[in-house]
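*Asks:* Model the structure of this input:
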Amino acid sequence: MKKLEIIIKPEKLEDLKEVLDTEEVNGLNIVNIMGYGNQKGIVKKYRGAEYRVNLLPKIKVETVVAKENADKLIDKIVKEINTGNIGDGKIFVYDVADAVRIRTGERGKEAL
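*Replies:* Here you go, the predicted model:
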């Protein structure tokens with residue numbers, strides 16, 4: 001199993017949820033976060049004065065999928081979420097040793 005930690009712009013959340021639904025991903029967690037990447041924030045103007053916004057709003061979506069489905073899902077997410085602009089986001093992939101469904105005691109892929 002693989003855990004996908006997907007960090008995106010808030011306005012892309014519905015697009016991501018649509019991709020995950022079409023790929024029949026069973027569950028996900030969504031967290032509002034703040035952060036920056038290579039761009040180190042953005043410069044904005046307010047009443048003629050420039051100021052730097054270092055932390056930008058982002059969304060972190062976490063899900064666990066079967067190992068054999070992970071690469072296909074990642075490719076589809078990149079295709080649908082990509083705008084070509086800096087700050088589109090990142091996907092971090094982790095190995096998951098096991099999962100347990102508390103209600104039934106099922107383990108592994110059956111727990112997903």
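*Asks:* residue ranges with poor pLDDT in this structure?
*Replies:* 40-42 (pLDDT under 70).
*Asks:* Name the surrounding residues that touch the biggest strand by length in it.
*Replies:* If you go by DSSP state E, the chain has its longest strand at strand 56-65. Identification of contacts with strand 56-65 by CB atoms under 8 Å, 6 or more residues apart in numbering yields 1-10, 12-13, 16, 20, 25, 27-36, 41-42, 73, 87, 89, 96, 99, 112. The way it works is simple: take the backbone N, C-alpha and C, and place the C-beta from them, glycine included.
*Asks:* May I see the PyMOL selection of the buried members of these?
*Replies:* In PyMOL syntax, the buried subset of the contacts of strand 56-65 is picked out as below (16 or more other CB atoms under 10 Å):
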select buried, resi 1+2+4+6+7+8+9+12+13+16+20+25+28+73+87+89+112
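*Asks:* just the strands in the protein please.
*Replies:* Under DSSP E, the chain gives strands at 2-8, 29-35, 42-46, 49-53, 56-65, 89-95.
*Asks:* so what's Leu55 closest to, chain neighbours aside?
*Replies:* Met34 (4.0 Å; CB to CB, 6 or more residues apart in numbering).
*Asks:* wait, what's in contact with that neighbour?
*Replies:* 55-58.
*Asks:* roughly how far apart are it and Lys58?
*Replies:* 7 Å (CB to CB, to the nearest Å).
*Asks:* and if you look at Tyr51?
*Replies:* 20 Å.
*Asks:* what about those two, which has more around it?
*Replies:* Lys58 (20 against 9; other CB atoms under 10 Å).
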